[in-house]
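# Just a sequence and a predicted model for now, questions to come.
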Protein chains: 2
Amino acid sequence: MSGFSFRVEHPAPAGAARTGVFATPHGEVPTPAFMPVGTHGSVKGVLPSALRPLGTRMLLANAYHLHLRPGEDVVRELGGLHAFMGWDGPILTDSGGYQVFSMADLARIDEGGVTFKSIVDGSPVRITPARSVEVQAALGADVAMAFDHCPCDPTDRAAVREATERTHRWLDACVRRHRELGGEDRGQALFGIVQGGAFEDLRRASVEAVCAHDLVGYAIGGVSVGERREDMRLALAAAAPGMPADRPRYLMGIGTPRDFFDAVEAGVDLFDCVTPTRHGRTHQAFTAGGPRNLRNAAFVRDPRPLEEGCDCPTCTGFSRGYLRHLCRTGEMLGATLLTLHNLRFFHRLLDRIREAIPAGRLGALRREVLDAFEAGRASPEAPLSDA
Amino acid sequence: MSGFSFRVEHPAPAGAARTGVFATPHGEVPTPAFMPVGTHGSVKGVLPSALRPLGTRMLLANAYHLHLRPGEDVVRELGGLHAFMGWDGPILTDSGGYQVFSMADLARIDEGGVTFKSIVDGSPVRITPARSVEVQAALGADVAMAFDHCPCDPTDRAAVREATERTHRWLDACVRRHRELGGEDRGQALFGIVQGGAFEDLRRASVEAVCAHDLVGYAIGGVSVGERREDMRLALAAAAPGMPADRPRYLMGIGTPRDFFDAVEAGVDLFDCVTPTRHGRTHQAFTAGGPRNLRNAAFVRDPRPLEEGCDCPTCTGFSRGYLRHLCRTGEMLGATLLTLHNLRFFHRLLDRIREAIPAGRLGALRREVLDAFEAGRASPEAPLSDA
């Protein structure tokens, strides 16, 4: 694992939760950690220089989107993804499997890969496992993800089985291409992705197949599809225990405060989700007292910070009344300020989780955080949509 | 002028140009100075903490827009405009005269004021000179502008004469109300506005009427209407010499690099314009080598900073290729980064003008800057629209 290592620092006194440090060529990431999403190589509305003070240590970007625009060759010519987007910390690129299946118009899948229409100009695009590895090698993130087949309905057993088994064969191809290109020696790790939908036996079989490859880390995929919390818990319970304890476990596309506790308790180390950034742009905020919809008239004359005690630039500089005004007038700054706060909220929550684990306080923290957060849902200030 | 002063530091060895310092209750502004526009109490896409490093010393906000949303009473309750928007430097509020006449649907004007439909909800709104002063007093900027009648067509003599004479009568009412509310003793100055369109005699008569009031500063209005450079030059030549040399002269709604030189040479001290921010949002950049349209395919693989030698966060952190990518994918960060650069470009230009004046180099600087900028217009990388 040249340039890469993962050391567990504090396993919880009971249970599977642990803190650790994931070391990459671009720096160390204390885990459990949340990775903000910069789909096109930009965390929407936020300067990269603003991310580190919020607590961001590692970012996610999307190989599918960057392949379509501007193209991985352009990113490589401009110095690779770190230089391109002005972020010198660790980066992980999603392979595009999820996007191909969830967004592509008329995607056609065969044993060799996927052919789909570009969402940009409708032109045909072909991605194979080897091609995905090549694209990500050109982008140059610290971590590349295997190209997987993410089943659309995690409860359709036949479809899940087929997709999961294909994912395993594609992983073989990804690992082969990754090694041909130099493996970790060129500064990029490959993570395999466990599929298996909402089926315990398929998840366990997938863990066995995926973890048979000696990889720097492993991910649990397909849990943000459908978004049923029980499916996620089942997938975690079936998959996490069989994944090697000395490698980082990454739960893809998750989540919410409750999800973090569920997953950390199952031994997960890494997360990514668009929630804090997307919700910020739609004027929804995460606070200790529950979700808040900043378009709400209740905030018009509210002089308080969005969240009392929060140390983010939004809460230390502006009132709820001002944020509400920005949201109502459609000012870009409203989206940016709410995104900054939401990211800080996520990072602070993970900070507290990292402190609670070695102290044996994770269960107490869970109750404290979720009780206050859930109680806030009943507030008239809560958002309309689920946060 | 309690809390306010204007001292001319260096009159140019020849001509009317001068450098000075305009002192306000919220700090000093070295002049000539450019004020970025924060219409709704936010410079679009830019955190206030990012403005000072760009060189911003004073901001403009719009009383008309803030009156409609969130209402001046809300701003006052939330601590006044400085606290509301998180900017502790000087602020000037435009009175709304220009907006009422240029944007209001079915504005009806009479001797007492203007009645128009709100652009927000269509409800009827009445603004009189006294009301405008009250609104601005509640907002609490350092400088309030008189409520003027800005003629739509600066070349329609009868209309300009009528609007200009009404502006003088309204100024009497504004000054009266401003004094009743405590005048400068409550930390807010009132600037009068000279009208007179493209007519030399009307401009001169307007200077005489407006400057008969002993005010902290005086503005030249109505020059950004119609946007004919010759009208602006004529207005400057007719108005500026008669305006008191010991008070700041503010040219409203201007401009471009060429405008700055024209106006500074005529003795203007303050400027505001939406150009750097609006152009930033439409992906047009000001550079020493001329305007640039960042959507242009020429930039796809361009590793250079937007402007060589520029010290702004955009030019020191990102390539043209990355900016082009952000613009093409519609990422918010593209608009923000171009806005940051454009503001820095404007402030740097004013910095250079302030240095050139005492050195007797203003004419040389004008040729140097405008020759390079105009030559760049012929570039295939220049924007489609006029910058």
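Good, I have the coordinates.

# Wasn't A:T115 part of a helix?
No: using DSSP: H, G, I helix; E, B strand; the rest coil, the secondary structure at A:T115 is strand, not a helix.

# Please determine how far it is located from chain B.
From A:T115 across to chain B, the span is 23 Å (Cβ to the nearest Cβ, to the nearest Å). Yep, even glycine has a C-beta here, placed from its N, CA and C like the rest.

# and that residue, bridged to which residues?
Residues found in beta-bridge contact with A:T115 (criterion: DSSP bridges) are A:R108, A:R126.

# ok, it - contacts?
Listed by Cβ atoms under 8 Å, 6 or more residues apart in numbering or on different chains, the contact set of A:T115 reads A:A107, A:R108, A:P124, A:V125, A:R126.

# swap the cut-off to 10 Å and go again
For A:T115, the set of contacting residues under the criterion of Cβ atoms under 10 Å, 6 or more residues apart in numbering or on different chains consists of A:V100, A:A104, A:L106, A:A107, A:R108, A:I109, A:P124, A:V125, A:R126, A:I127, A:T128.

# State the distance from the fifth one to A:S123.
Going from A:R108 to A:S123 by Cβ to Cβ, to the nearest Å gives 14 Å.

# neighbour count winner among the two?
A:R108 (12 against 8; other Cβ atoms under 10 Å in any protein chain shown).

# Got the confidence number for the closest residue to chain B within the stretch 201-350 of chain A?
Closest residue of the stretch 201-350 of chain A to chain B, Cβ to the nearest Cβ: A:M332 (4.2 Å). Confidence per residue is given as pLDDT, and for A:M332 that number is 98.

# And for the closest residue to A:V100 other than its chain neighbours, the neighbour number?
For A:V100, ignoring the flanking residues on the chain, the nearest one in space by Cβ to Cβ, 6 or more residues apart in numbering or on different chains is A:V114 at 5.1 Å. Taking other Cβ under 10 Å as the criterion, the count of residues near A:V114 is 23.

# so who does A:V114 touch?
With contacts defined as Cβ under 10 Å, 6+ apart, the neighbours of A:V114 are A:96-97, A:100-101, A:104, A:107-108, A:125-129, A:131-132, A:147, A:149, A:170.

# buried subset of the residues you listed?
Burial by neighbour count, 16 or more other Cβ atoms under 10 Å in any protein chain shown: within these this picks out A:96-97, A:100-101, A:104, A:107, A:125, A:127-129, A:131-132, A:147, A:149, A:170.

# Checking whichever residue of the stretch 1-150 of chain A sits closest to chain B next. Helix, strand or coil?
Sorted by distance to chain B under Cβ to the nearest Cβ, the residues of the stretch 1-150 of chain A start with A:G45, at 4.1 Å. In the three-state summary, A:G45 is assigned as coil, counting by three-state DSSP.

# Now do it, the pLDDT please.
For A:G45, the model assigns a pLDDT of 98.

# Same question for the one 3 residues further on.
In this prediction, A:P48 carries a pLDDT score of 98.

# Who are the contact partners of A:G280?
A:44-46, A:274, A:286, A:294, A:314, A:334-343.

# What are the buried residues along the helix or strand where it lies?
Under the assignment given by DSSP states H and E, the secondary-structure element containing A:G280 is helix A:275-281. By neighbour count with 16+ other Cβ under 10 Å, helix A:275-281 contains the buried residues A:T275, A:P276, A:T277, A:H279, A:G280, A:R281.

# Now render those residues as CSV, adding pLDDT.
Supplementary listing: the buried residues of helix A:275-281 in CSV, determined by pLDDT from 0 to 100:
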residue, pLDDT
A:T275, 95
A:P276, 97
A:T277, 98
A:H279, 97
A:G280, 97
A:R281, 97
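
# burial of A:H168, as a residue count?
A count of nearby residues for A:H168, using other Cβ under 10 Å, gives 22.
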